[in-house]
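Sequence first, predicted model second:
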Amino acid sequence: MSYVLGLKCRECGQHYPQKGVHVCEVCFGPLEVQYDYSAMRGRVTRQSIESGGLNLWRYRDLLPIEGEPRTGLNSGFTPLRRARNLEKILGVKELYVKDDSANYPTWSYKERVVSVAITKAAELGYDTVGCASTGNLANSVAAHAAMAGLKAFVMIPHDLELGKVLGSLIFNPTMVRIQGNYDDVNRLCSEIADKYKWAIVNVNLRPFYTEGAKTFGFEVAEQLGWKLPRHTVCPTAGGTILPKIYKAYREFIDLGLVEDNHPKIYSAQAAGCNPVVEAIHAGRDLIKPQKPKTIAKSIAIGNPADGYYVVQAVKQSGGWGADATDQEIVDAIRLLARTEGIWTEPAGGTTLAATIKLIQSGRIPRDESICVCITGNGLKTVEVVVDQLAQPPSIPARLEAFDAYIHDSQTPAAAGAGNPVMTAGKA
Amino acid sequence: MAIKIRIPTPMRQLTGGVDMAEVQGATVAALLGQLCDKFSGMDKRLFKQPGELNRFINIYVNDEDIRFLSNLETPVKDGDDVSIVPAIAGG
(Lines give C-alpha, C1' and ligand atoms only; values in the text may rest on other atoms or scores of the structure.)
Protein backbone atom coordinates (compact mmCIF):
# COMPACT_ATOMS: atom_id res chain seq x y z
CA MET A 1 0.00 0.00 0.00
CA SER A 2 1.11 3.56 -0.56
CA TYR A 3 -0.03 7.12 -0.04
CA VAL A 4 -0.41 7.70 -3.79
CA LEU A 5 -3.75 9.05 -4.95
CA GLY A 6 -2.98 9.11 -8.67
CA LEU A 7 -1.51 11.42 -11.30
CA LYS A 8 -2.45 15.02 -11.92
CA CYS A 9 -1.50 17.49 -14.66
CA ARG A 10 0.64 20.28 -13.28
CA GLU A 11 -0.83 22.72 -15.76
CA CYS A 12 -4.55 22.07 -16.09
CA GLY A 13 -5.25 19.81 -13.10
CA GLN A 14 -6.64 16.85 -15.08
CA HIS A 15 -6.52 13.59 -13.04
CA TYR A 16 -5.23 10.22 -14.26
CA PRO A 17 -4.81 6.77 -12.67
CA GLN A 18 -1.27 5.40 -12.20
CA LYS A 19 -0.15 4.21 -15.63
CA GLY A 20 2.59 4.67 -18.22
CA VAL A 21 1.59 8.10 -19.42
CA HIS A 22 3.86 11.10 -19.35
CA VAL A 23 1.94 14.08 -20.63
CA CYS A 24 -1.53 15.36 -20.09
CA GLU A 25 -3.83 14.34 -22.90
CA VAL A 26 -5.62 17.66 -22.60
CA CYS A 27 -2.79 20.20 -22.60
CA PHE A 28 0.50 18.24 -22.91
CA GLY A 29 1.57 19.48 -19.48
CA PRO A 30 3.69 17.13 -17.35
CA LEU A 31 1.93 14.83 -14.90
CA GLU A 32 2.81 14.76 -11.23
CA VAL A 33 2.17 12.08 -8.61
CA GLN A 34 -0.43 13.13 -6.04
CA TYR A 35 -0.10 11.90 -2.44
CA ASP A 36 -2.46 11.87 0.49
CA TYR A 37 -0.37 14.10 2.74
CA SER A 38 -3.02 14.33 5.43
CA ALA A 39 -2.86 10.55 5.87
CA MET A 40 0.93 10.80 6.20
CA ARG A 41 0.82 13.20 9.14
CA GLY A 42 1.81 11.47 12.34
CA ARG A 43 2.69 8.28 10.43
CA VAL A 44 5.60 9.46 8.30
CA THR A 45 7.97 10.63 11.02
CA ARG A 46 11.69 10.98 11.66
CA GLN A 47 11.48 7.67 13.54
CA SER A 48 9.62 5.84 10.76
CA ILE A 49 12.23 7.00 8.25
CA GLU A 50 15.18 6.22 10.52
CA SER A 51 13.90 2.68 10.99
CA GLY A 52 14.36 2.01 7.26
CA GLY A 53 17.47 0.64 5.56
CA LEU A 54 20.40 2.88 4.64
CA ASN A 55 19.25 3.30 1.05
CA LEU A 56 16.85 5.51 -0.85
CA TRP A 57 13.85 3.32 0.00
CA ARG A 58 13.87 4.58 3.58
CA TYR A 59 11.74 7.36 2.06
CA ARG A 60 9.36 4.99 0.29
CA ASP A 61 6.28 6.47 1.98
CA LEU A 62 7.02 9.56 -0.12
CA LEU A 63 7.67 7.59 -3.31
CA PRO A 64 5.14 6.24 -5.85
CA ILE A 65 5.48 2.48 -5.56
CA GLU A 66 2.83 0.04 -4.41
CA GLY A 67 4.72 -3.21 -3.83
CA GLU A 68 8.26 -4.08 -2.84
CA PRO A 69 11.24 -2.34 -4.52
CA ARG A 70 12.71 -4.31 -7.43
CA THR A 71 16.09 -2.54 -7.42
CA GLY A 72 17.93 0.20 -5.55
CA LEU A 73 18.29 -1.61 -2.22
CA ASN A 74 21.94 -0.52 -2.24
CA SER A 75 21.39 2.85 -3.92
CA GLY A 76 21.20 6.26 -2.32
CA PHE A 77 22.16 7.35 1.18
CA THR A 78 25.36 8.75 -0.28
CA PRO A 79 27.78 10.83 1.81
CA LEU A 80 26.95 14.37 2.86
CA ARG A 81 30.33 15.80 3.69
CA ARG A 82 31.38 18.93 5.53
CA ALA A 83 33.92 20.47 3.15
CA ARG A 84 36.25 22.20 5.58
CA ASN A 85 39.17 22.55 3.18
CA LEU A 86 36.99 24.21 0.58
CA GLU A 87 35.46 26.44 3.25
CA LYS A 88 38.91 27.90 3.91
CA ILE A 89 39.70 28.47 0.26
CA LEU A 90 36.31 30.00 -0.55
CA GLY A 91 36.10 31.99 2.67
CA VAL A 92 32.75 30.60 3.76
CA LYS A 93 31.58 29.37 7.15
CA GLU A 94 29.59 26.21 6.49
CA LEU A 95 29.86 24.27 3.23
CA TYR A 96 28.61 20.75 2.51
CA VAL A 97 29.02 18.48 -0.48
CA LYS A 98 26.26 15.94 -1.14
CA ASP A 99 28.23 13.36 -3.04
CA ASP A 100 26.34 11.23 -5.55
CA SER A 101 29.59 10.45 -7.34
CA ALA A 102 29.52 7.64 -4.75
CA ASN A 103 26.03 6.42 -5.62
CA TYR A 104 25.78 2.69 -6.28
CA PRO A 105 26.04 0.90 -8.72
CA THR A 106 26.83 3.34 -11.57
CA TRP A 107 28.03 6.44 -9.71
CA SER A 108 25.48 9.13 -10.37
CA TYR A 109 22.25 10.57 -9.00
CA LYS A 110 20.39 8.62 -11.69
CA GLU A 111 20.26 5.55 -9.41
CA ARG A 112 17.53 7.40 -7.53
CA VAL A 113 15.18 8.05 -10.43
CA VAL A 114 15.92 4.71 -12.09
CA SER A 115 15.28 2.64 -8.93
CA VAL A 116 11.80 4.12 -8.74
CA ALA A 117 11.14 3.91 -12.50
CA ILE A 118 12.28 0.29 -12.86
CA THR A 119 10.26 -0.80 -9.85
CA LYS A 120 7.25 1.01 -11.31
CA ALA A 121 7.82 -0.47 -14.78
CA ALA A 122 7.72 -3.99 -13.30
CA GLU A 123 4.63 -3.08 -11.28
CA LEU A 124 2.85 -1.83 -14.38
CA GLY A 125 3.72 -5.03 -16.25
CA TYR A 126 6.37 -3.82 -18.71
CA ASP A 127 9.08 -6.31 -19.70
CA THR A 128 11.29 -3.79 -21.54
CA VAL A 129 12.69 -0.53 -20.22
CA GLY A 130 14.66 2.15 -22.01
CA CYS A 131 15.84 5.72 -21.92
CA ALA A 132 17.20 8.68 -23.84
CA SER A 133 20.40 9.59 -22.12
CA THR A 134 23.52 11.72 -22.05
CA GLY A 135 25.25 8.69 -20.50
CA ASN A 136 24.60 8.52 -16.77
CA LEU A 137 20.97 7.59 -17.15
CA ALA A 138 21.82 4.90 -19.70
CA ASN A 139 24.44 3.43 -17.33
CA SER A 140 21.92 3.29 -14.53
CA VAL A 141 19.03 1.92 -16.59
CA ALA A 142 21.28 -0.81 -18.02
CA ALA A 143 22.53 -1.86 -14.57
CA HIS A 144 19.18 -1.75 -12.79
CA ALA A 145 17.43 -3.56 -15.67
CA ALA A 146 20.05 -6.30 -15.35
CA MET A 147 19.30 -6.55 -11.62
CA ALA A 148 15.53 -6.58 -12.15
CA GLY A 149 15.70 -9.05 -15.04
CA LEU A 150 14.15 -6.69 -17.58
CA LYS A 151 15.24 -6.05 -21.17
CA ALA A 152 16.88 -2.67 -21.74
CA PHE A 153 17.15 -0.39 -24.78
CA VAL A 154 19.29 2.69 -24.23
CA MET A 155 19.55 5.51 -26.74
CA ILE A 156 22.42 8.02 -26.55
CA PRO A 157 23.94 10.78 -28.70
CA HIS A 158 26.64 9.35 -31.00
CA ASP A 159 29.51 11.40 -29.54
CA LEU A 160 29.49 10.52 -25.82
CA GLU A 161 32.59 9.95 -23.70
CA LEU A 162 33.95 6.39 -23.97
CA GLY A 163 33.54 5.79 -20.22
CA LYS A 164 29.84 6.48 -20.46
CA VAL A 165 29.40 4.22 -23.49
CA LEU A 166 31.27 1.30 -21.92
CA GLY A 167 29.55 1.99 -18.60
CA SER A 168 26.30 0.93 -20.24
CA LEU A 169 27.50 -1.74 -22.66
CA ILE A 170 29.03 -3.86 -19.91
CA PHE A 171 25.52 -4.54 -18.55
CA ASN A 172 24.49 -5.90 -21.97
CA PRO A 173 21.58 -3.64 -22.91
CA THR A 174 20.72 -2.97 -26.53
CA MET A 175 22.43 0.36 -27.12
CA VAL A 176 21.74 2.59 -30.09
CA ARG A 177 23.87 5.65 -30.81
CA ILE A 178 21.77 8.34 -32.43
CA GLN A 179 23.28 10.76 -34.92
CA GLY A 180 22.31 14.01 -33.26
CA ASN A 181 22.44 15.76 -29.89
CA TYR A 182 20.53 14.79 -26.77
CA ASP A 183 17.47 16.75 -27.79
CA ASP A 184 17.33 14.74 -31.02
CA VAL A 185 17.63 11.49 -29.03
CA ASN A 186 14.87 12.61 -26.72
CA ARG A 187 12.52 13.41 -29.55
CA LEU A 188 13.14 10.02 -31.14
CA CYS A 189 12.53 8.28 -27.80
CA SER A 190 9.16 9.92 -27.38
CA GLU A 191 8.20 8.43 -30.74
CA ILE A 192 9.70 5.05 -29.78
CA ALA A 193 7.73 4.98 -26.51
CA ASP A 194 4.56 5.64 -28.47
CA LYS A 195 5.18 2.94 -31.01
CA TYR A 196 6.82 0.08 -29.13
CA LYS A 197 4.95 0.22 -25.80
CA TRP A 198 8.15 0.09 -23.77
CA ALA A 199 8.72 1.79 -20.44
CA ILE A 200 11.05 4.59 -21.47
CA VAL A 201 11.91 5.74 -17.97
CA ASN A 202 12.28 9.43 -18.71
CA VAL A 203 9.42 9.54 -21.19
CA ASN A 204 6.29 7.57 -20.32
CA LEU A 205 7.41 6.77 -16.76
CA ARG A 206 8.51 10.33 -16.13
CA PRO A 207 5.97 11.15 -13.38
CA PHE A 208 7.29 8.24 -11.29
CA TYR A 209 10.91 8.59 -12.38
CA THR A 210 11.20 12.23 -11.37
CA GLU A 211 9.85 11.50 -7.87
CA GLY A 212 12.98 9.43 -7.20
CA ALA A 213 15.05 12.62 -7.40
CA LYS A 214 13.41 13.83 -4.18
CA THR A 215 15.49 11.33 -2.22
CA PHE A 216 18.56 13.50 -2.88
CA GLY A 217 16.89 16.33 -0.96
CA PHE A 218 15.48 14.06 1.76
CA GLU A 219 18.97 12.73 2.44
CA VAL A 220 20.52 16.19 2.63
CA ALA A 221 17.94 17.18 5.24
CA GLU A 222 18.22 14.01 7.30
CA GLN A 223 22.03 13.83 7.14
CA LEU A 224 22.31 17.46 8.20
CA GLY A 225 20.57 16.39 11.43
CA TRP A 226 16.99 17.04 10.27
CA LYS A 227 17.83 20.56 9.11
CA LEU A 228 17.87 22.22 5.72
CA PRO A 229 20.84 24.06 4.25
CA ARG A 230 20.01 27.72 3.66
CA HIS A 231 21.46 27.57 0.15
CA THR A 232 21.49 24.60 -2.24
CA VAL A 233 23.27 24.75 -5.59
CA CYS A 234 22.20 22.17 -8.13
CA PRO A 235 23.11 21.48 -11.77
CA THR A 236 20.37 21.86 -14.37
CA ALA A 237 20.06 19.76 -17.52
CA GLY A 238 16.53 18.60 -18.34
CA GLY A 239 15.35 20.18 -15.11
CA THR A 240 14.39 17.08 -13.13
CA ILE A 241 16.45 17.24 -9.98
CA LEU A 242 16.35 20.88 -8.89
CA PRO A 243 12.56 21.23 -8.55
CA LYS A 244 12.44 17.80 -6.91
CA ILE A 245 15.05 18.70 -4.28
CA TYR A 246 13.02 21.79 -3.55
CA LYS A 247 9.85 19.68 -3.40
CA ALA A 248 11.60 17.29 -0.99
CA TYR A 249 12.49 20.21 1.29
CA ARG A 250 8.90 21.50 1.16
CA GLU A 251 7.45 18.04 1.88
CA PHE A 252 9.66 17.65 4.96
CA ILE A 253 8.68 21.13 6.11
CA ASP A 254 4.97 20.43 5.56
CA LEU A 255 5.19 17.11 7.42
CA GLY A 256 6.87 18.88 10.33
CA LEU A 257 10.10 16.88 9.96
CA VAL A 258 12.31 19.96 9.56
CA GLU A 259 12.01 23.61 10.46
CA ASP A 260 11.23 26.03 7.64
CA ASN A 261 14.39 28.13 7.32
CA HIS A 262 13.28 29.39 3.88
CA PRO A 263 15.79 27.36 1.89
CA LYS A 264 16.97 28.93 -1.34
CA ILE A 265 17.86 26.91 -4.41
CA TYR A 266 20.20 27.88 -7.25
CA SER A 267 20.64 26.54 -10.78
CA ALA A 268 24.09 25.87 -12.27
CA GLN A 269 24.65 25.45 -15.99
CA ALA A 270 27.54 25.43 -18.43
CA ALA A 271 27.97 28.72 -20.28
CA GLY A 272 27.81 26.71 -23.51
CA CYS A 273 24.33 25.46 -22.65
CA ASN A 274 22.55 27.82 -20.27
CA PRO A 275 18.93 28.23 -21.39
CA VAL A 276 17.60 28.08 -17.83
CA VAL A 277 20.16 30.39 -16.22
CA GLU A 278 19.68 32.77 -19.12
CA ALA A 279 15.93 32.84 -18.44
CA ILE A 280 16.50 33.39 -14.70
CA HIS A 281 18.86 36.28 -15.38
CA ALA A 282 16.45 37.81 -17.89
CA GLY A 283 13.49 37.44 -15.53
CA ARG A 284 11.63 35.33 -18.10
CA ASP A 285 9.54 32.19 -17.58
CA LEU A 286 10.00 31.21 -21.20
CA ILE A 287 13.03 29.06 -21.98
CA LYS A 288 14.68 29.74 -25.33
CA PRO A 289 16.17 26.45 -26.59
CA GLN A 290 19.89 26.40 -27.44
CA LYS A 291 22.32 24.26 -29.42
CA PRO A 292 24.67 22.98 -26.69
CA LYS A 293 28.40 23.58 -27.00
CA THR A 294 30.18 22.51 -23.82
CA ILE A 295 32.41 19.79 -22.39
CA ALA A 296 29.72 19.23 -19.77
CA LYS A 297 27.91 16.70 -21.94
CA SER A 298 25.85 15.18 -19.15
CA ILE A 299 24.06 18.51 -18.74
CA ALA A 300 24.11 19.57 -22.40
CA ILE A 301 20.36 19.70 -22.88
CA GLY A 302 19.38 22.70 -24.97
CA ASN A 303 15.63 22.17 -24.71
CA PRO A 304 15.02 21.30 -21.06
CA ALA A 305 11.54 19.85 -20.61
CA ASP A 306 11.26 20.92 -16.98
CA GLY A 307 13.26 24.13 -17.36
CA TYR A 308 10.13 26.11 -16.63
CA TYR A 309 9.79 24.41 -13.25
CA VAL A 310 13.44 25.08 -12.44
CA VAL A 311 12.81 28.78 -13.02
CA GLN A 312 9.69 28.61 -10.82
CA ALA A 313 11.46 26.81 -7.93
CA VAL A 314 14.41 29.20 -8.09
CA LYS A 315 12.11 32.23 -8.10
CA GLN A 316 9.78 30.93 -5.42
CA SER A 317 12.71 30.14 -3.11
CA GLY A 318 14.52 33.44 -3.67
CA GLY A 319 17.49 31.73 -5.31
CA TRP A 320 19.36 32.59 -8.50
CA GLY A 321 21.47 31.00 -11.26
CA ALA A 322 25.05 31.07 -12.51
CA ASP A 323 26.94 29.54 -15.40
CA ALA A 324 30.54 28.44 -15.92
CA THR A 325 32.86 28.31 -18.91
CA ASP A 326 34.51 25.04 -19.88
CA GLN A 327 37.82 26.12 -18.31
CA GLU A 328 36.08 27.17 -15.09
CA ILE A 329 34.38 23.77 -15.03
CA VAL A 330 37.68 21.88 -15.31
CA ASP A 331 39.33 24.17 -12.73
CA ALA A 332 36.48 23.46 -10.31
CA ILE A 333 36.69 19.69 -10.91
CA ARG A 334 40.37 19.88 -9.96
CA LEU A 335 39.71 22.15 -6.99
CA LEU A 336 37.14 19.75 -5.52
CA ALA A 337 39.48 16.82 -6.07
CA ARG A 338 42.54 18.36 -4.47
CA THR A 339 40.71 19.92 -1.53
CA GLU A 340 38.08 17.31 -0.68
CA GLY A 341 39.18 14.12 -2.42
CA ILE A 342 36.10 13.97 -4.63
CA TRP A 343 36.46 13.43 -8.38
CA THR A 344 33.33 14.63 -10.11
CA GLU A 345 32.35 14.88 -13.76
CA PRO A 346 31.85 18.22 -15.58
CA ALA A 347 28.30 18.60 -14.21
CA GLY A 348 29.81 18.68 -10.71
CA GLY A 349 32.54 21.06 -11.82
CA THR A 350 29.82 23.30 -13.21
CA THR A 351 27.98 23.27 -9.90
CA LEU A 352 31.04 24.12 -7.83
CA ALA A 353 32.16 26.82 -10.29
CA ALA A 354 28.67 28.33 -10.19
CA THR A 355 28.66 28.17 -6.38
CA ILE A 356 31.94 30.09 -6.31
CA LYS A 357 30.48 32.77 -8.57
CA LEU A 358 27.32 33.04 -6.46
CA ILE A 359 29.46 33.48 -3.34
CA GLN A 360 31.78 36.01 -4.98
CA SER A 361 28.87 38.05 -6.31
CA GLY A 362 27.25 38.13 -2.86
CA ARG A 363 24.17 36.18 -3.94
CA ILE A 364 25.08 33.53 -1.36
CA PRO A 365 26.22 35.03 1.97
CA ARG A 366 29.51 33.65 3.30
CA ASP A 367 28.17 33.04 6.81
CA GLU A 368 25.19 30.79 5.98
CA SER A 369 25.05 27.06 5.29
CA ILE A 370 25.59 26.01 1.66
CA CYS A 371 25.11 22.61 0.03
CA VAL A 372 26.78 21.81 -3.31
CA CYS A 373 25.02 18.97 -5.16
CA ILE A 374 27.50 16.64 -6.85
CA THR A 375 25.57 14.36 -9.18
CA GLY A 376 28.17 12.37 -11.14
CA ASN A 377 31.61 10.75 -11.12
CA GLY A 378 34.77 11.96 -12.85
CA LEU A 379 36.06 8.49 -13.71
CA LYS A 380 33.52 8.39 -16.55
CA THR A 381 34.81 11.57 -18.17
CA VAL A 382 38.60 11.33 -18.09
CA GLU A 383 38.70 13.11 -21.47
CA VAL A 384 38.02 16.51 -19.93
CA VAL A 385 41.07 16.48 -17.66
CA VAL A 386 43.57 14.30 -19.51
CA ASP A 387 45.25 17.21 -21.29
CA GLN A 388 45.24 19.47 -18.25
CA LEU A 389 47.05 17.30 -15.74
CA ALA A 390 50.88 17.40 -15.63
CA GLN A 391 52.54 14.27 -16.99
CA PRO A 392 54.24 12.48 -14.10
CA PRO A 393 58.01 12.09 -14.50
CA SER A 394 59.53 8.74 -15.41
CA ILE A 395 62.80 7.93 -13.63
CA PRO A 396 65.14 4.96 -13.24
CA ALA A 397 64.49 2.70 -10.23
CA ARG A 398 67.42 4.09 -8.23
CA LEU A 399 67.38 6.24 -5.09
CA GLU A 400 69.87 8.73 -6.60
CA ALA A 401 67.48 9.32 -9.48
CA PHE A 402 64.64 9.99 -7.04
CA ASP A 403 66.88 12.32 -5.00
CA ALA A 404 67.75 14.19 -8.18
CA TYR A 405 64.07 14.45 -9.11
CA ILE A 406 63.17 15.84 -5.65
CA HIS A 407 66.06 18.29 -5.83
CA ASP A 408 65.11 19.50 -9.31
CA SER A 409 61.39 19.74 -8.56
CA GLN A 410 62.06 22.00 -5.60
CA THR A 411 64.00 24.59 -7.56
CA PRO A 412 61.99 27.81 -7.92
CA ALA A 413 61.36 27.32 -11.66
CA ALA A 414 59.71 23.96 -11.11
CA ALA A 415 57.85 24.68 -7.87
CA GLY A 416 54.67 25.81 -9.59
CA ALA A 417 54.49 22.90 -12.03
CA GLY A 418 51.49 20.66 -11.54
CA ASN A 419 49.85 23.26 -9.37
CA PRO A 420 48.06 25.51 -11.83
CA VAL A 421 46.50 28.83 -10.97
CA MET A 422 42.87 28.45 -9.92
CA THR A 423 41.00 31.28 -11.48
CA ALA A 424 37.63 30.01 -10.34
CA GLY A 425 38.89 29.38 -6.85
CA LYS A 426 39.94 32.86 -5.88
CA ALA A 427 37.78 34.11 -3.05
CA MET B 1 1.75 16.92 -52.90
CA ALA B 2 0.86 17.52 -49.29
CA ILE B 3 2.86 17.95 -46.15
CA LYS B 4 2.76 15.23 -43.51
CA ILE B 5 2.42 16.05 -39.83
CA ARG B 6 3.28 13.35 -37.30
CA ILE B 7 0.69 13.19 -34.50
CA PRO B 8 1.94 12.00 -31.09
CA THR B 9 0.00 9.38 -29.11
CA PRO B 10 -1.64 11.73 -26.60
CA MET B 11 -3.33 13.57 -29.50
CA ARG B 12 -4.54 10.54 -31.41
CA GLN B 13 -7.85 10.40 -29.57
CA LEU B 14 -8.66 13.54 -31.51
CA THR B 15 -7.61 12.11 -34.84
CA GLY B 16 -9.41 8.78 -34.50
CA GLY B 17 -6.07 7.01 -34.03
CA VAL B 18 -4.47 8.53 -37.13
CA ASP B 19 -0.72 9.06 -36.52
CA MET B 20 0.05 11.00 -39.70
CA ALA B 21 -2.11 13.80 -41.07
CA GLU B 22 -1.76 15.35 -44.51
CA VAL B 23 -2.32 19.08 -44.76
CA GLN B 24 -1.29 21.92 -47.04
CA GLY B 25 0.03 25.41 -46.41
CA ALA B 26 3.02 27.68 -46.82
CA THR B 27 3.90 28.16 -43.14
CA VAL B 28 3.76 26.09 -39.96
CA ALA B 29 0.95 28.36 -38.77
CA ALA B 30 -1.07 27.55 -41.87
CA LEU B 31 -0.49 23.81 -41.48
CA LEU B 32 -1.52 23.83 -37.84
CA GLY B 33 -4.54 25.95 -38.75
CA GLN B 34 -5.65 23.27 -41.22
CA LEU B 35 -5.00 20.57 -38.66
CA CYS B 36 -7.26 22.38 -36.19
CA ASP B 37 -9.98 22.69 -38.85
CA LYS B 38 -9.70 18.99 -39.60
CA PHE B 39 -9.87 17.67 -36.04
CA SER B 40 -12.12 19.28 -33.48
CA GLY B 41 -10.51 19.93 -30.10
CA MET B 42 -7.02 20.16 -31.63
CA ASP B 43 -7.02 23.92 -31.32
CA LYS B 44 -7.16 23.83 -27.53
CA ARG B 45 -4.38 21.25 -27.29
CA LEU B 46 -1.97 23.15 -29.49
CA PHE B 47 -2.58 26.77 -28.64
CA LYS B 48 -2.71 28.64 -25.38
CA GLN B 49 -4.19 31.55 -27.30
CA PRO B 50 -4.22 32.42 -31.00
CA GLY B 51 -0.62 32.58 -32.23
CA GLU B 52 0.85 31.18 -29.01
CA LEU B 53 1.61 27.47 -28.66
CA ASN B 54 1.11 25.72 -25.33
CA ARG B 55 4.33 25.71 -23.31
CA PHE B 56 4.91 21.96 -23.63
CA ILE B 57 4.41 21.65 -27.38
CA ASN B 58 7.48 21.32 -29.59
CA ILE B 59 7.14 21.53 -33.36
CA TYR B 60 9.87 20.24 -35.65
CA VAL B 61 10.29 20.83 -39.37
CA ASN B 62 12.66 18.30 -40.94
CA ASP B 63 14.22 17.56 -37.55
CA GLU B 64 14.73 21.21 -36.61
CA ASP B 65 12.86 22.85 -33.74
CA ILE B 66 10.86 25.77 -35.18
CA ARG B 67 12.19 27.99 -32.39
CA PHE B 68 15.54 27.83 -34.23
CA LEU B 69 13.75 28.72 -37.47
CA SER B 70 10.99 31.33 -37.66
CA ASN B 71 8.60 29.87 -35.09
CA LEU B 72 5.06 29.64 -36.44
CA GLU B 73 6.06 31.67 -39.48
CA THR B 74 8.60 29.03 -40.54
CA PRO B 75 8.04 28.39 -44.26
CA VAL B 76 7.26 24.84 -45.38
CA LYS B 77 7.16 23.22 -48.79
CA ASP B 78 5.83 20.01 -50.32
CA GLY B 79 7.61 16.96 -48.96
CA ASP B 80 8.68 18.57 -45.67
CA ASP B 81 8.34 16.42 -42.60
CA VAL B 82 6.62 18.08 -39.63
CA SER B 83 6.36 16.57 -36.12
CA ILE B 84 4.46 17.57 -33.00
CA VAL B 85 6.38 16.35 -29.95
CA PRO B 86 5.65 16.80 -26.25
CA ALA B 87 8.52 18.04 -24.07
CA ILE B 88 10.50 15.31 -22.31
CA ALA B 89 12.65 15.04 -19.19
CA GLY B 90 15.97 13.27 -18.95
CA GLY B 91 19.75 13.39 -18.76
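Yep, that arrived. Just so we're clear, the structure is a prediction, and the values are computed from it rather than from any experiment.

Flag every residue of chain B that's near chain A.
For chain B, the residues in contact with chain A (C-beta under 8 Å from any C-beta of the partner chain) are B:6, B:8-11, B:13, B:44-45, B:54-58, B:60, B:63, B:65, B:67-68, B:83, B:85-91. C-beta here means a position set from N, CA and C on the backbone, and glycine is covered the same way.

So how do I select the buried members of these in ChimeraX?
Per 16 or more other C-beta atoms under 10 Å in any protein chain shown, the buried members of the residues of chain B next to chain A correspond to this ChimeraX selection:
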select /B:8,9,10,11,45,54,55,56,57,58,60,65,67,68,83,85,86,87,88,89,90,91
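
Inside strands: which ones of the residues of chain B next to chain A?
Among the residues of chain B next to chain A, DSSP state E puts B:6, B:57, B:58, B:60, B:65, B:83, B:85, B:86 in strands.

Go through the residues you listed and name the one nearest chain A.
residue B:86 (4.3 Å; C-beta to the nearest C-beta).

Just give me the neighbour total for the residue nearest to that closest one when sequence neighbours are not counted.
Sequence neighbours aside, residue A:23 is the residue nearest to residue B:86 in space, at 4.3 Å (criterion: C-beta to C-beta, 6 or more residues apart in numbering or on different chains). Residues lying near residue A:23 (other C-beta atoms under 10 Å in any protein chain shown) number 27.

wait, isn't residue A:23 in contact with residue B:84?
No. Contact criterion C-beta atoms under 8 Å: residue A:23 and residue B:84 do not qualify, at 11.4 Å.

Regarding whatever residue of the stretch 251-400 of chain A ends up closest to chain B, which helix or strand does it belong to?
Using C-beta to the nearest C-beta, the closest approach of the stretch 251-400 of chain A to chain B is made by residue A:305 at 3.9 Å. Using DSSP states H and E, residue A:305 falls within no helix or strand.

With the one 10 residues further on instead?
Assigned by DSSP H and E, residue A:315 belongs to helix A:307-317.

does that helix come close to chain B?
Yes. With C-beta under 8 Å from any C-beta as the criterion, chain B is reached by helix A:307-317 at residue A:308.

That helix - contacts with which helices or strands?
Using 3 or more C-beta pairs under 8 Å, 6 or more residues apart in numbering or on different chains; DSSP states H and E, the elements in contact with helix A:307-317 are helix A:241-254, strand A:264-270, helix A:275-282.

Just the strands from the stretch 151-300 of chain A, written as ranges.
Taking DSSP state E, counting those that start in this stretch, the strands of the stretch 151-300 of chain A run over residues A:151-157, A:174-178, A:199-200, A:231-235, A:264-270.

Quick one: distance of the third one to the chain centre.
Once both centres are worked out by C-alpha atoms, centre = their mean, to the nearest Å, strand A:199-200 turns out to sit 20 Å from its chain's centre.

Ok, stretch A:136-149 next?
16 Å.

which parts of it are buried?
A:136-148.

For the residue nearest to residue B:86, give me its contacts.
When contacts are counted by C-beta atoms under 8 Å, 6 or more residues apart in numbering or on different chains, residue A:23 touches A:29, A:30, A:31, B:10, B:56, B:86, B:87.

and if you look at residue B:12?
B:18, B:19.

For it, what are phi and psi?
phi -80, psi -10 (degrees, to the nearest 10).

Secondary structure element for residue A:68, which one?
Per DSSP H and E, there is no helix or strand for residue A:68.

separation between it and residue A:247?
24 Å (C-beta to C-beta, to the nearest Å).

Who has more neighbours out of the two?
Legend: neighbour count by other C-beta under 10 Å for residue A:68 and residue A:247, higher for residue A:247 (19 against 11).

Isn't residue A:216 up against residue A:246?
No. With contact defined as C-beta under 8 Å, residue A:216 does not count as touching residue A:246 (10.8 Å).

Report pLDDT for the residue of the stretch 51-200 of chain A found nearest chain B.
Closest contact between the stretch 51-200 of chain A and chain B, by C-beta to the nearest C-beta, is at residue A:194 (4.2 Å). Residue A:194 is assigned 76 on the pLDDT scale.

wait, what's in contact with it?
Residue A:194 touches B:8, B:9, counting by C-beta under 8 Å, 6+ apart.

Export the strands of the stretch 151-300 of chain A to CSV and append columns for distance to residue A:80, mean pLDDT and mean neighbour count.
Below are the strands of the stretch 151-300 of chain A laid out as CSV (distance: least, C-beta to C-beta, whole Å; pLDDT from 0 to 100; neighbours: other C-beta atoms under 10 Å in any protein chain shown):
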stretch, distance to residue A:80, mean pLDDT, mean neighbour count
strand A:151-157, 30, 95, 23
strand A:174-178, 33, 96, 15
strand A:199-200, 31, 94, 30
strand A:231-235, 12, 98, 29
strand A:264-270, 16, 98, 29
